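Asker: 3D, please:
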Amino acid sequence: MTTESSDLFAGDPDGMERLWTPHRMVYLNHEDDRSRCPFCAAPERSDEDGLIVYRGTHAFVIMNLYPYNSGHLMVCPNRHVATYDLATPEEVAEIGLLSQIAMRVLTTATGCVGFNLGMNQGEVSGAGVQDHLHQHIVPRWPNDANFFPIIAKTKAMPRLLGEMRELLAQHWPAES
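Answerer: Now for the predicted structure:
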């Protein structure tokens, strides 16, 4: 990815930086895929292509395609279910267990010192995918937040998704 200043183009500069993200065209160009749940589609792909870190019996761990921080994971039930109260006791237990393991793996693999965990359920809560339950696990470090997103409207991500998926998969315990 590269950034370009609007000062380089013809016309009046608007002061905005452009962060070119051609990988997002996969999301933008696939009308059929947009109508399909991404959390139902991902397990049908290879772990690398689906960004899956771990597959459990009732749930799986996946990288967030649009992370808040490097290593931003989500734990999703295999079954297409919208809210936590509709999940089975087995799904709830495995989501909880995989969330605990993910926190340990992120701490070991990345040296993070804190986490934001959460579930946004329903459109009004800000859920990007509102029909398939998922728990966010966002690793945090001292000074990981700065004014870059506010001033430059750009988020700096120090690791690529595939690189981070591979690192976390390597650190995932075999006995989980």
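Asker: Can you report how many residues neighbour residue 45?
Answerer: Here the count is done by other CB atoms under 10 Å, and residue 45 has 11 residues near it. Any C-beta I mention is one placed from the backbone N, CA and C, and that applies to glycine too.
Asker: Please apply the same query to residue 82.
Answerer: Around residue 82 there are 15 other residues, counting by other CB under 10 Å.
Asker: Can you name the residues that contact it?
Answerer: For residue 82, the contact set (CB atoms under 8 Å, 6 or more residues apart in numbering) comprises 121-122, 130-133.
Asker: make it 10 Å
Answerer: With contact set as CB atoms under 10 Å, 6 or more residues apart in numbering, residue 82 has these partners: 121-122, 127, 129-133.
Asker: Looks to me like it is in a strand.
Answerer: No: according to DSSP: H, G, I helix; E, B strand; the rest coil, residue 82 belongs to no strand; its state is coil.
Asker: ok, the most centrally placed residue in the chain to residue 161 distance?
Answerer: Central residue of the chain (CA atoms, centre = their mean): residue 64, 1.1 Å from the mean position. Per CB to CB, to the nearest Å, residue 64 is found 9 Å from residue 161.
Asker: Between those two, which contacts overlap?
Answerer: Contact criterion CB under 10 Å, 6+ apart; residues shared by residue 64 and residue 161: 51, 71-72.
Asker: Most neighbours of all these, which one?
Answerer: In terms of neighbours by other CB under 10 Å, the shared contacts of residue 64 and residue 161 top out with residue 71 at 29 neighbours.
Asker: and that residue, what is it in contact with?
Answerer: Residue 71 neighbours (CB under 10 Å, 6+ apart): 53, 63-64, 102, 105-106, 109-110, 112, 115, 137-141, 157-159, 161, 164-165, 167-168.
Asker: Show me what secondary structure element comes after the helix or strand bottoming out on mean pLDDT in the chain.
Answerer: Sorting the helices and strands of the chain by mean pLDDT, DSSP states H and E puts helix 31-34 at the bottom, at a mean of 50. Next in sequence after helix 31-34, counting helices and strands by DSSP states H and E, comes helix 38-41.
Asker: rewinding a little: now a PyMOL select for only the buried ones of the contacts of residue 71.
Answerer: Buried members of these can be picked out in PyMOL with the line below, counting by 16 or more other CB atoms under 10 Å:
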select buried, resi 53+63+64+102+105+106+109+110+112+115+137+138+139+161+164+165+167+168
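Asker: Keep only those of the contacts of residue 71 that are in helices.
Answerer: Secondary structure from DSSP state H places 102, 105-106, 109-110, 161, 164-165, 167-168 of the contacts of residue 71 in helices.
Asker: I am finished for the moment; much appreciated.
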